[in-house]
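[1] Fold the following and give me the result.
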Amino acid sequence: MPRVKGGYVTRRRRKRTLKLAKGYFGSKHILYKTAHEQVMKSLSYAYRDRKQTKRNFRKLWITRINAACRMQQVSYSKFMHGLKIANIDVNRKVLADLAVNDLNGFNKLIEVAKDALVNPNKYQTETVVAVKEPKKEVKEVKEVKKVKEVKEVKEVKEEAPKKEEKVVEVKETKKEETKTSETAEELAKLTVAKLKEIAKERGIAIPSGSRKAAIVELLSSK
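    Have a look, this model is predicted:
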């Protein structure tokens, strides 16, 4: 058997990996084998470090907040607890930015946190309890609706047979009209099967083996 080459598909696959390896050092962006190895490693490192960057930045923010708090003789945990009592919802990213760029504003937050630790009752808010309304009225309304629906159904059932009588009368009149309107010429246009059905409806016995012309004569005469 002849050897099958990849051709277009292989070339596209290799170009795709070399495009991802653009800018790598040495043969890692020229040779396919080394470039493929480096690209696979780079993708795995990127996936891993996307998770680690979140925790690393959180650590950095906490260390900056802690360093600014220690300057005012307060620990990081007490500062965060005081802010929670004072109902101040500021995330660590903003607090770390204040500690680096606006130390005076950060010191004011430390004073508020200290005051909240000493006087927690000062920052307490009243909790409003929602009272649930009774559901008895809703049940009564549902029962009334059910009674109305039952009455409507009964009225519809009583009126239904009247409509059927009218339909039967209309059908009978239509059959009579079709019987009278059918002539020999119209019957000749129909098939043998349809002619036999018409004969059955009229109660005419057709002998076996009779041809179409004979059936038409029987139907037109009666």
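[2] any idea how the chain splits into domains?
    Domain assignment for the chain by automatic domain parsing gives 8-123, 169-222.
[3] Quick one: end-to-end distance for the longest one.
    Put plainly, it is domain 8-123. Counting by CA to CA, to the nearest Å, the length from the leading to the trailing residue of domain 8-123 is 72 Å.
[4] and that domain, how far out from the chain's middle?
    Between the centre of domain 8-123 and the centre of its host chain there is 34 Å, according to CA atoms, centre = their mean, to the nearest Å.
[5] What are the buried residues along stretch 205-222?
    The neighbour-count check on stretch 205-222 (16 or more other CB atoms under 10 Å) flags I215, V216, L218, L219 as buried. In short, each C-beta sits where N, CA and C put it, glycine included.
[6] likewise stretch 89-99?
    Residues of stretch 89-99 classed as buried by neighbour count (16+ other CB under 10 Å): R92, L95, A96, L98, A99.
[7] Narrow these to those in helices?
    Cross-referencing the buried residues of stretch 89-99 with the helices (criterion: DSSP state H) gives R92, L95, A96, L98, A99 as the overlap.
[8] How about the last one: what's its closest non-neighbour residue?
    So that's A99. Computed as CB to CB, 6 or more residues apart in numbering, the closest residue to A99 that is not its neighbour in sequence is A68, at 3.7 Å.
[9] same check, this time on A113
    Counting by CB to CB, 6+ apart, the nearest residue to A113 once its immediate chain neighbours are dropped is G82, at 2.8 Å.
[10] Count the residues that sit near N87.
    Burial of N87 is recorded as 10 neighbouring residues (other CB atoms under 10 Å).
[11] actually S27, not the one I typed
    Here the count is done by other CB under 10 Å, and S27 has 13 residues near it.
[12] And the closest residue to it other than its chain neighbours, which helix or strand is it part of?
    The shortest distance from S27 to any non-neighbouring residue, by CB to CB, 6+ apart, is to T34 (5.1 Å). With secondary structure defined by DSSP states H and E, T34 is part of helix 32-70.
[13] Give me the next element, helix or strand, following that helix.
    Toward the C-terminus, helix 32-70 is succeeded by helix 76-85 as the next helix or strand (DSSP H and E).
[14] and that following helix, average pLDDT?
    The average pLDDT for helix 76-85 rounds to 96.
[15] With just CA atoms, put it into CSV.
    As requested, the backbone C-alpha atoms of helix 76-85 are provided in CSV (Å, rounded to 0.1, in the frame of the first residue of the first chain):
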residue,chain,number,x,y,z
TYR,A,76,-5.5,42.9,61.1
SER,A,77,-8.1,40.6,62.7
LYS,A,78,-9.4,43.2,65.2
PHE,A,79,-9.5,45.9,62.4
MET,A,80,-11.7,43.7,60.2
HIS,A,81,-13.9,42.7,63.1
GLY,A,82,-14.4,46.3,64.0
LEU,A,83,-15.4,47.2,60.5
LYS,A,84,-17.9,44.4,60.5
ILE,A,85,-19.5,45.6,63.7
